[in-house]
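J.: Quick one, fold the following:
(6 chains, ligands or ions: 6)
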There are 6 protein chains.
Amino acid sequence: MFYHFKELQYPSKPERPDPAYAKRLQEILGGQFGEITTTMQYLMQGFNTRADAKFRDLILDIATEEIGHIEMAATMIARLLNESPTEEQEKAYKSDPALAAVIDGENPLNYIVAGAGAMAVDAEGNAWTSDYIISSGNLLADFRANFNLESQGRLQVVRLYNMTDDRGVKDLLSFFIARETAHQNIWREAIHDLENREGDIVVPTTFPREKQFNEVAYDFYNFSEGEESTKGPWTSGPAPDSKGEFQYYDRPVSYGKEPHLKSAHPKLHNTME
Amino acid sequence: MFYHFKELQYPSKPERPDPAYAKRLQEILGGQFGEITTTMQYLMQGFNTRADAKFRDLILDIATEEIGHIEMAATMIARLLNESPTEEQEKAYKSDPALAAVIDGENPLNYIVAGAGAMAVDAEGNAWTSDYIISSGNLLADFRANFNLESQGRLQVVRLYNMTDDRGVKDLLSFFIARETAHQNIWREAIHDLENREGDIVVPTTFPREKQFNEVAYDFYNFSEGEESTKGPWTSGPAPDSKGEFQYYDRPVSYGKEPHLKSAHPKLHNTME
Amino acid sequence: MFYHFKELQYPSKPERPDPAYAKRLQEILGGQFGEITTTMQYLMQGFNTRADAKFRDLILDIATEEIGHIEMAATMIARLLNESPTEEQEKAYKSDPALAAVIDGENPLNYIVAGAGAMAVDAEGNAWTSDYIISSGNLLADFRANFNLESQGRLQVVRLYNMTDDRGVKDLLSFFIARETAHQNIWREAIHDLENREGDIVVPTTFPREKQFNEVAYDFYNFSEGEESTKGPWTSGPAPDSKGEFQYYDRPVSYGKEPHLKSAHPKLHNTME
Amino acid sequence: MFYHFKELQYPSKPERPDPAYAKRLQEILGGQFGEITTTMQYLMQGFNTRADAKFRDLILDIATEEIGHIEMAATMIARLLNESPTEEQEKAYKSDPALAAVIDGENPLNYIVAGAGAMAVDAEGNAWTSDYIISSGNLLADFRANFNLESQGRLQVVRLYNMTDDRGVKDLLSFFIARETAHQNIWREAIHDLENREGDIVVPTTFPREKQFNEVAYDFYNFSEGEESTKGPWTSGPAPDSKGEFQYYDRPVSYGKEPHLKSAHPKLHNTME
Amino acid sequence: MFYHFKELQYPSKPERPDPAYAKRLQEILGGQFGEITTTMQYLMQGFNTRADAKFRDLILDIATEEIGHIEMAATMIARLLNESPTEEQEKAYKSDPALAAVIDGENPLNYIVAGAGAMAVDAEGNAWTSDYIISSGNLLADFRANFNLESQGRLQVVRLYNMTDDRGVKDLLSFFIARETAHQNIWREAIHDLENREGDIVVPTTFPREKQFNEVAYDFYNFSEGEESTKGPWTSGPAPDSKGEFQYYDRPVSYGKEPHLKSAHPKLHNTME
Amino acid sequence: MFYHFKELQYPSKPERPDPAYAKRLQEILGGQFGEITTTMQYLMQGFNTRADAKFRDLILDIATEEIGHIEMAATMIARLLNESPTEEQEKAYKSDPALAAVIDGENPLNYIVAGAGAMAVDAEGNAWTSDYIISSGNLLADFRANFNLESQGRLQVVRLYNMTDDRGVKDLLSFFIARETAHQNIWREAIHDLENREGDIVVPTTFPREKQFNEVAYDFYNFSEGEESTKGPWTSGPAPDSKGEFQYYDRPVSYGKEPHLKSAHPKLHNTME
Ligand SMILES: [Ca+2]
Ligand SMILES: [Ca+2]
Ligand SMILES: [Ca+2]
Ligand SMILES: [Ca+2]
Ligand SMILES: [Ca+2]
Ligand SMILES: [Ca+2]
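T.: Ligands and ions are numbered 1, 2, ... in the order given. Prediction:
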């Protein structure tokens, strides 16, 4: 059960309206790594987890913060779409019939559909989809997803920070960037906690190793001309899981032969051999 | 430019047809973490990267292997949908008109649309979408995405391994599981390589820290009743990036006040205050 | 800014596991009229509204309740997927290798992807999409959308109530049904409040009537054989907006003639007349 | 079975080409509340209804009109993309190689994919999806959906009317606005007809009230700080369904306790407590 | 402008209800090659075409027929979901509370969402999307799309015909199969008509051949081991367009060298070389 | 199994950066008829086919070439987004803070999400979806789909060729246009090969004609006013399949009567007659 405080976590007010920038900022609200994704991903992980109370609480603490991030992002976008000084607005009223402010680089949906409001879409107007969510029940896997989510998220906010001069916008983004620093550190810490406890880094750690085809579990196959990929530490030496040594193969190895599929049922009316 | 060898990387043949299991196996072909995702994610990262040749080559070596994984997964599914022993098939021919084999728990699209063929869909018949791809141009972020991809992928293959008795299927899956062990180790190694080189773990490492709202960059806010989340190492002590100390707040902190949006343009015909 | 209480708004525990029913119950979590839709629709309306504080507060009060509905629906689904009595589970452990419980009528994604967890999908496994959201900035229009949302929602919950014997499930659903009674009444009341204030029922009420093509604003055209549609009150008498009289036309009226499009630019290489 | 008349219901010809406006006008063709939605929603309701002939005929009369609205909207868009005076076109032919007219604010798909033709997409180029359709078999619910559809639709057309000076476009839109006035009135009338007949306003009216958790069926919970929401008529007095009194609660009430999920099957390889 | 006749083009009544088959039959209503696709594809082609009146009329004649096919398919599905003999229904009424008929292999959306009604979805419950539509303004290209559409469509109807014993269903399908025979013949004839008139088969025929890189316009590259592909007529002899000779290359030819991308702007915070 | 050569099939380098054109060029990478579609469509057809080795090899030869087309298209887009001469870039660095180049007509996702990289989306930023794929197991049907794919593809590349002056871009496109000439010829040849072998053109050729409702298999129904459609060869004379004569009907013929659906189960709470 949730409760709403009317105060924002951080001020969210631009210096001036900028519909074209509002369109871009939609990415951090309704994009693949935006606030709706973080909220919904953490909520689903938290509601579904069977792990220790400390993990469930950790996830839901951050999830609940993220709902407030949706609030700040939506508020900023609504204001970028609209909050013009009154005089300017007056002028716009008189120029009949065009909504003059509504013409350069904006997302037309923000006006036609949402009446100068934020929408749950990305910077190209694509609807948010729960395909963005990652929630598997295996927290080591999911915390890696969360670590990636906050990494991609901070990267995108930084890029957007570099695309505006508006001090109000930059101020809010500097807050988001800092919180994503915090969250990257937290998920990293939680990953280490789980890796130590499970004694392995290969997800899922509980699958018996002898059941996998171990012969190829540390092989690196060179699937292209040239050997540039051998310049990195991933083709020789002990692997990070401390359970094997990387092995390099100059050419891909084939264990199977050419497949020949049998005819399908004639009632399917396929082309047959 | 690519080239095709007719041999499979590994044998892909079930002991017997099993349309209901074929439906589930579609997940590793066309699901969020299936072989089409790994292929397309790595291809896009590889074609777009501006980083060192060793990284580009690493990414494209694995990408090219993954195309062959699509091939094996599709072959297995096609055979699970169809490869019945001839006698059985004969019997089915005679029972007019129903395709008797086509009735229990299968994905009907595999028959109606694809003629007993694999499709680029997941275990519930959802079309594959490039929304699953992560490719940002920042390799530290993207290698975390890849590490997660191979973690979720291996987890799903293991679950599917546990849902069948067919030795042919289990054999192929044990190969995939091993390759995903290799790939988890490789991406982990590559992540460390980049973290060492960049001297930080917070993506993007090149954004000046003084521009973020540093005051909150290591705060943990307790957004829910109870303090279970303090049982883990993420609320106190040095953070993993070695640049700050976790700070715990019993209650969320509000830096902003309640927002009041100005009226929208009257020509938008919103409800006004 | 939001805060999480660990108690559920209402108990959410089935008598016994039922994966096939869990699949159906996904509809009220991630379907078109499920709890994610109500939550996100009300949040977006609330964050974006420029209307009176009483409306904003009304919307956000209900929005916040709805987040807790997601919580209860997800909890119920997770339990339907899993909460078997221990003895039974023990037996399942021993039967190697199949997850016996995982085979009849369930959504395989709930197991393969989510590890016996709820997902943000509908009863056919379709991802939730923000295309379901309605939020226009015009509250009279939007409250009609909300009234419909709670009507469709209650209808679906009632249908699901009729599809199970589990007393735990029925108990939770009887709570949802009652809340949707409350919400239908509330939105209806709010609609009347706005209609009275705006003095019209035709949205948007602020568009000057003389600018529409008034000649057809109360016409009913019979676009099909037979006159059954005249049996209702919508083809004659005063219209509900009290601003016109319904007028019935036995045949559709054409004001325009056959269109002839001019040739497109030759560089588009269309087929030309 | 349907039949096509070559005349348009109303003239659909702009004064001059305007590709950027054509992009916006796509919203009323292929957007959430555009003519394809109204057509398909009414067709599906009409083909599926088991109710009286007068309702079936009513729905299909309007559905059939709407197909003609698709025709007019598509014609207008095709002309906005192309119908330049011949001299101007001549000039464009000579300026090699760019399609000069094709560059400012247009949807590139209208040219690259459709050859200066209308498409079944919205103002941001998103494909139309049947997720927009509402058709439940319960006509009281569905007529509310229809009432909302014509409300949102008219609102959007009015906004688009305010975004152009072209008299040809405004003329067509004034026709759509008038028809949406008619349709709002008709659906409203039909809703009243059904409410009177069913003797209740809470959908579905046929579910026995004693089976819902009546205790909360008229409660208003204050889920946020402040009491602005009590300024409206929805927290006290008789509810519109005349079957209860609104009851206000200053704080949300919790009937359930914190959930603890049991461990999932070990073969799912989740993180366990 | 359209008009509706109440008679169906062909009877649409099953012998008995069959919800599991209804789910499959959804494919020809809302699938990639179902009746909604044919309707919408032909309508969009017809409304947008700038070609001769005979083509426009041809397309819209067939488009209008297809709307009636939606009607018959929807009617059949609604009846398969429901039309049980009364006695049987009586019995079902008494068995409280389960909807017994609603449990084996059906699409639950047909009941929960649509109340035993047809939906605009495919056999796996995926929403219909306008991504299925092909309409380019170039009729030679589009008639090939139409020819394919009727080919795939007839193939699917034939497969569905083979999956049922119900004589009512088979009767309607035999009608669809025959109409798709007619439409395949019609589009084929129209294709020949255009090819003859344009004097070429390579779309678009109006692009000057000398502007393409002619050197490779008839090459066949062997991109895989083995030479099985040379067994067909496509690697030697005159090409069907009579403007060149097929040329076979044992190995793919490379005209370009390895690409090296320049660094991106530092403000994008990519990983750099 | 596949192998990667580092050389491109053809050079892919623009003369100068052009982010707005890059946005358009995305269509041939991630659009309905772009290189990802051709690649995935041919791979799925090839992996699933049960027909002769010559067909399988033909399909996979072309499929493998197409992966290299993705590579060239992605490379070109990445360069159009970025490859400015160094001086210009220097200047851009200094103008703080805006990424000046990032503002006119570009797809913001290419920068915010992909860091000046290509994405698997179309010219309006819509994600690629496997809904674009056609693969039925019946090669006559599928080769028609392929013929259409290369027809629509070449049409779109030609349109894009006409929208730029950049000689580097035009050079690459002239290569694609030529290859699509080759592929149109190849699929046409393969279609004839199959039609000859199967002795019919109506897909599926193996369905017994006597089982279709032959009475209407060559009828042309005039579903609209006027007789323009009779000006073409599709309403009289022998049909292309040589198995019937086209028959023209001035008016549509109705074989069925008005449908009346029986009441649905009362537990579905529909509106009943
Ligand atoms: Ca956040
Ligand atoms: Ca793989
Ligand atoms: Ca609710
Ligand atoms: Ca309309
Ligand atoms: Ca048809
Ligand atoms: Ca190609």
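J.: so what's the residue in the stretch 101-250 of chain A that ligand 6 sits nearest to closest to, chain neighbours aside?
T.: Nearest to ligand 6, among the residues of the stretch 101-250 of chain A, is A:Ser224, at 21.0 Å (CB to the ion). Any C-beta I mention is one placed from the backbone N, CA and C, and that applies to glycine too. Spatially, and ignoring its direct neighbours in sequence, A:Ser224 is nearest to F:His4 (3.6 Å; CB to CB, 6 or more residues apart in numbering or on different chains).
J.: what residues are up against that neighbour?
T.: For F:His4, the contacting residues are A:223-225, B:1-3, B:60-61, B:63-64, by CB atoms under 8 Å, 6 or more residues apart in numbering or on different chains.
J.: Ok, A:Ile36 next?
T.: Contact analysis of A:Ile36 by CB under 8 Å, 6+ apart lists A:29-30, A:70, A:120, A:128, C:40, C:130.
J.: and the gap between it and ligand 3?
T.: For A:Ile36, the distance to ligand 3 equals 19 Å [CB to the ion, to the nearest Å].
J.: In a helix, that residue, correct?
T.: Yes - the assignment for A:Ile36 by DSSP: H, G, I helix; E, B strand; the rest coil puts it in a helix.
J.: Now do the closest residue in space to A:Glu198 that isn't next to it in sequence: how many residues are near it, please.
T.: Nearest residue to A:Glu198 in three dimensions, chain neighbours excluded: A:Thr205, at 4.2 Å (CB to CB, 6+ apart). The number of residues packed near A:Thr205 is 18, by other CB atoms under 10 Å in any protein chain shown.
J.: element containing A:Thr205?
T.: Following DSSP states H and E, there is no helix or strand that holds A:Thr205.
J.: From ligand 3, how far off is it?
T.: Distance from A:Thr205 to ligand 3, by CB to the ion: 39 Å.
J.: ok, that residue touching A:Arg197?
T.: No - if you go by CB atoms under 8 Å, A:Thr205 and A:Arg197 don't touch, sitting 9.4 Å apart.
J.: Contact partners for the residue nearest to the spatial centre of chain A?
T.: Chain A has A:Phe33 as the residue nearest its centroid, 2.7 Å off, counting by CA atoms, centre = their mean. Going by CB under 8 Å, 6+ apart, A:Phe33 touches A:132, A:149, A:152-153, A:156.
J.: related to what we said a few turns ago, any chance of the contacts of A:Ile36 in JSON lines, with neighbour count, pLDDT and secondary structure too?
T.: Formatted as JSON lines, those follow (neighbours: other CB atoms under 10 Å in any protein chain shown; pLDDT from 0 to 100; DSSP: H, G, I helix; E, B strand; the rest coil):
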{"residue": "A:Leu29", "neighbour count": "27", "pLDDT": "98", "secondary structure": "helix"}
{"residue": "A:Gly30", "neighbour count": "28", "pLDDT": "98", "secondary structure": "helix"}
{"residue": "A:Ile70", "neighbour count": "25", "pLDDT": "98", "secondary structure": "helix"}
{"residue": "A:Ala120", "neighbour count": "25", "pLDDT": "98", "secondary structure": "coil"}
{"residue": "A:Trp128", "neighbour count": "27", "pLDDT": "98", "secondary structure": "coil"}
{"residue": "C:Met40", "neighbour count": "25", "pLDDT": "98", "secondary structure": "helix"}
{"residue": "C:Ser130", "neighbour count": "22", "pLDDT": "98", "secondary structure": "helix"}
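J.: Closest to D:Glu210 out of those?
T.: Distance to D:Glu210 across the contacts of A:Ile36 (CB to CB) is lowest for C:Met40, with 32.6 Å.
J.: Name the nearest residue to that closest one, ignoring sequence neighbours.
T.: C:Ile133 (5.5 Å).
J.: Against B:Arg159, how distant is that neighbour?
T.: C:Ile133 sits 33 Å away from B:Arg159, going by CB to CB, to the nearest Å.
J.: got a list of what A:Val202 touches?
T.: Here A:Val202 is in contact with A:241, A:243, B:154, B:181, B:184-185 (CB under 8 Å, 6+ apart).
J.: Let's see that with 7 Å instead.
T.: Listed by CB atoms under 7 Å, 6 or more residues apart in numbering or on different chains, the contact set of A:Val202 reads A:241, B:181, B:184.
J.: and the second one, what helix or strand is that in?
T.: By that I understand B:Thr181. Element membership of B:Thr181 [criterion: DSSP H and E] is helix B:167-198.
J.: Get me the contact residues on chain A for ligand 1.
T.: Within chain A, the positions adjacent to ligand 1 are A:38, A:69 by CB under 5 Å from the ion.
J.: how does chain A divide up, domain by domain?
T.: A:19-198, A:209-249 (automatic domain parsing).
J.: any chance of the contacts of A:Ile36 in TSV, plus distance to C:Arg167?
T.: Below are the contacts of A:Ile36 laid out as TSV (distance: CB to CB, whole Å):
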residue	distance to C:Arg167
A:Leu29	41
A:Gly30	40
A:Ile70	37
A:Ala120	37
A:Trp128	36
C:Met40	31
C:Ser130	35
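J.: ok, so of these, who is nearest D:Thr235?
T.: Out of these, the member with the shortest distance to D:Thr235 (by CB to CB) is C:Met40, at 24.2 Å.
J.: could you point out which element follows the helix or strand of chain A with the lowest mean pLDDT?
T.: For chain A, using mean pLDDT, DSSP states H and E, the weakest element among its helices and strands is helix A:86-94, scoring a mean of 51. Where DSSP H and E defines the elements, the next helix or strand beyond helix A:86-94 is helix A:108-112.
J.: And what about the closest residue to A:Arg167 other than its chain neighbours, helix, strand or coil?
T.: Excluding its sequence neighbours, the residue lying closest to A:Arg167 (CB to CB, 6+ apart) is A:Glu15, at 5.7 Å. Using three-state DSSP, the secondary structure recorded for A:Glu15 is coil.
J.: ends of stretch A:211-222, how far apart?
T.: 25 Å (CA to CA, to the nearest Å).
J.: and that stretch, which residues are buried?
T.: A:212-213, A:216-222 (16 or more other CB atoms under 10 Å in any protein chain shown).
J.: nearest to D:Lys267, of those?
T.: A:Gln212 (15.5 Å).
J.: Please export the C-alpha coordinates of stretch A:197-210 as PDB.
T.: Extracted C-alpha coordinates of stretch A:197-210, given in PDB (Å, rounded to 0.1, in the frame of the first residue of the first chain):
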ATOM      1  CA  ARG A 197      27.000 -15.800  -0.600                       C
ATOM      2  CA  GLU A 198      26.500 -18.000  -3.700                       C
ATOM      3  CA  GLY A 199      30.200 -18.600  -4.300                       C
ATOM      4  CA  ASP A 200      30.000 -18.200  -8.000                       C
ATOM      5  CA  ILE A 201      29.400 -15.500 -10.700                       C
ATOM      6  CA  VAL A 202      27.800 -17.700 -13.400                       C
ATOM      7  CA  VAL A 203      24.000 -17.300 -13.200                       C
ATOM      8  CA  PRO A 204      22.300 -19.500 -12.200                       C
ATOM      9  CA  THR A 205      25.000 -20.600  -9.700                       C
ATOM     10  CA  THR A 206      22.800 -23.500  -8.600                       C
ATOM     11  CA  PHE A 207      22.900 -25.500 -11.800                       C
ATOM     12  CA  PRO A 208      25.200 -28.500 -11.500                       C
ATOM     13  CA  ARG A 209      28.300 -27.700 -13.700                       C
ATOM     14  CA  GLU A 210      28.600 -31.400 -14.800                       C
END
